[in-house]
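Asker: Predicted structure and sequence below. I'll ask about it afterward.
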Amino acid sequence: MTLEDLGWSEFFAGHIDPYAREGLVPARLVRETKINYGALLEGGREVDCVLSGRLWHEAATDADLPAVGDWVALDLGSDGDEAVIRGHLPRVSKLSRKLPGKVAAEQVIAANVDVVVVVTDPGADFSPRRIERYLMLIDRCGAKPVILLNKADLFAREDCEAAAEALREVSGGADVRITSALADEGLDVLREYLQPGTTITLVGSSGVGKSTLVNQLMGAEQQDTDDVNAVTGRGRHTTISRELVVLEEGGILIDNPGVRELQMWTDEADLRESFADVDELAMQCRFRDCKHREDAGCAIRSAMDTGALSPDRYESYLNLEEEIAELQKRQKKRRMTVERRAKRNRKVKARNLADRIDIDKEERGEL
């Protein structure tokens, strides 16, 4: 197994030289736990490794720490020594969301990905509004989006087609396919993208069949699955940890746990780009300060009345706009808190230094 099979490229090669001169070797992270990482070396050998204290302290946020999919520089040490991550190579892409809860922090779902596959189904999980959110995050990441409407074997064909058409309307040209992982139907689209050196990550809610997809692609029961719940139509056991797998036929797969909460980690510019149709309508309103409610000459209200704009899509736009504004507010508050703490720490260090100087002078009899 070569480095190129693991996703190595000229971009990463351009950043490894300073570490190589120190005797460090490149590796790609395939697993992350609370205490260590798993990494693949050239040749396919996997080693356990830990993060150096220097990299830990230099990281401004958790999102700056290595994540599954990242390339790192490893110090393998001598026989019996624990491998240590001494360098973290820059990323070509990262798929992130806001960390669940009230904290304004970024969570990296996968690093250095080329294609992001969103898996859903035509049943309980179906939500064009959630797909819009995924597409915004994928657009910010810079990867290619693919949407799989899975579990087609459980639903009528016409229902699957109707759901797929609804997703195409909000997908902005993303590849939308109807699949059945259990019956191994429609998976050719994934195999098309899984070329040697290409990294794909699967995302979606728990129980939509991601683990079964992984098993079908690998030709083995690599990921644990369980029976489908008769009430919800979802699997009762799915992936519980993030993992990178190199497939024998070529390509790299990052499997992710089910996403229960998808909060935005993006900004107003990305929102405007993803909802360009809504923004274009707003520019056609008679009044520049139109509130898009009962205002005369409102192009958005007119478009919804004629069916040119879905009320659900406009409502999604408003919700996302509000959510992003709240995220920016929390980020600003967090920056102010960090700055206050840094200023306080500088004052404490300066005061301690002054006290130390006075003590030294007193000991030398200069005071």
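Answerer: Right, received. Where do you want to start? Numbers count the residues shown, from 1 in each chain.

Asker: Contact partners for the spatially closest residue to Asn112 that is not a sequence neighbour?
Answerer: In this structure, Asn112 finds its nearest non-sequential neighbour in Gly69, 4.8 Å apart by C-beta to C-beta, 6 or more residues apart in numbering. Backbone N, C-alpha and C define where each C-beta goes, glycine included. Applying C-beta atoms under 8 Å, 6 or more residues apart in numbering, we find Gly69 in contact with 28-29, 110-113, 199, 201, 244, 254.

Asker: Now intersect those with the strands, please.
Answerer: Members of those lying in strands (criterion: DSSP state E): 28-29, 110-111, 199, 201, 244, 254.

Asker: Helices along the chain, start to end?
Answerer: 10-20, 53-58, 128-141, 157-171, 188-193, 210-218, 268-274, 276-282, 299-306, 311-363 (DSSP state H).

Asker: any chance of those helices in a markdown table, with mean neighbour count and mean pLDDT too?
Answerer: As requested, the helices of the chain are exported to a markdown table (neighbours: other C-beta atoms under 10 Å; pLDDT from 0 to 100):
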| stretch | mean neighbour count | mean pLDDT |
| --- | --- | --- |
| helix 10-20 | 13 | 93 |
| helix 53-58 | 11 | 89 |
| helix 128-141 | 20 | 83 |
| helix 157-171 | 16 | 90 |
| helix 188-193 | 15 | 84 |
| helix 210-218 | 22 | 79 |
| helix 268-274 | 15 | 59 |
| helix 276-282 | 15 | 79 |
| helix 299-306 | 16 | 84 |
| helix 311-363 | 12 | 69 |
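
Asker: still on that earlier bit, okay if I get the ones in strands among the contacts of Gly69 as TSV plus neighbour count, distance to Arg177 and pLDDT?
Answerer: Converted to TSV, the ones in strands among the contacts of Gly69 look like this (neighbours: other C-beta atoms under 10 Å; distance: C-beta to C-beta, whole Å; pLDDT from 0 to 100):
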residue	neighbour count	distance to Arg177	pLDDT
Arg28	26	28	96
Leu29	24	29	95
Ala110	26	21	87
Ala111	27	25	92
Thr199	26	19	94
Thr201	27	17	88
Leu244	27	23	91
Ile254	25	19	87
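
Asker: Dump these into CSV; add distance to Ala164 as well.
Answerer: Formatted as CSV, the ones in strands among the contacts of Gly69 follow (distance: C-beta to C-beta, whole Å):
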residue, distance to Ala164
Arg28, 34
Leu29, 35
Ala110, 25
Ala111, 30
Thr199, 26
Thr201, 21
Leu244, 29
Ile254, 25
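
Asker: just curious, which of those is nearest to Ile359?
Answerer: Among the ones in strands among the contacts of Gly69, Leu29 lies closest to Ile359 (C-beta to C-beta), at 47.3 Å.

Asker: Quickly note the distance from the closest one to Glu243.
Answerer: Using C-beta to C-beta, to the nearest Å, Leu29 is found at 10 Å from Glu243.

Asker: any residues in contact with both of these two?
Answerer: The contact sets of Leu29 and Glu243 overlap at Val68 (C-beta under 8 Å, 6+ apart).

Asker: Quick one: neighbours of Ala183, just the number.
Answerer: Ala183 sits with 12 neighbouring residues when counted by other C-beta atoms under 10 Å.

Asker: Now it: closest residue in space, sequence neighbours ignored.
Answerer: Closest to Ala183 by C-beta to C-beta, 6+ apart is Asp153, at 5.1 Å.

Asker: again, but for Ser171
Answerer: Excluding its sequence neighbours, the residue lying closest to Ser171 (C-beta to C-beta, 6+ apart) is Ile147, at 6.1 Å.

Asker: I figured Glu106 hits Leu65, correct?
Answerer: No: using C-beta atoms under 8 Å, Glu106 makes no contact with Leu65, being 10.9 Å away.

Asker: before we move on, back to that, quickly list what the residue nearest to Ser171 is bridged to.
Answerer: For Ile147, the residues forming beta bridges with it (DSSP bridges) are Val118, Val176.

Asker: What is the neighbour count of it?
Answerer: The tally of other residues near Ile147 (other C-beta under 10 Å) stands at 25.

Asker: My guess is it contacts Leu167. True?
Answerer: Yes: Ile147 is in contact with Leu167 according to C-beta under 8 Å; the separation is 5.6 Å.

Asker: so what sits against both of those two?
Answerer: Taking C-beta under 8 Å, 6+ apart as the criterion, Ile147 and Leu167 both touch 120, 131, 176.

Asker: now these in CSV, with distance to Met1?
Answerer: Below are the shared contacts of Ile147 and Leu167 laid out as CSV (distance: C-beta to C-beta, whole Å):
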residue, distance to Met1
Thr120, 33
Ile131, 35
Val176, 33
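
Asker: How much space separates Cys170 from Ser52?
Answerer: Not Cys; residue 170 is Val. Taking C-beta to C-beta, one finds Val170 at 44 Å from Ser52.

Asker: separation between Arg356 and Glu362?
Answerer: 11 Å.

Asker: tell me the contacts of the nearest residue to Ser127 once chain neighbours are set aside?
Answerer: Leaving aside its sequence neighbours, Ser127 sits nearest to Thr120 (C-beta to C-beta, 6+ apart; 7.5 Å). Thr120 makes contact with 126-127, 130-131, 147-150, 167, 204-205, 208 under the criterion C-beta under 8 Å, 6+ apart.

Asker: Great, nothing more from me.
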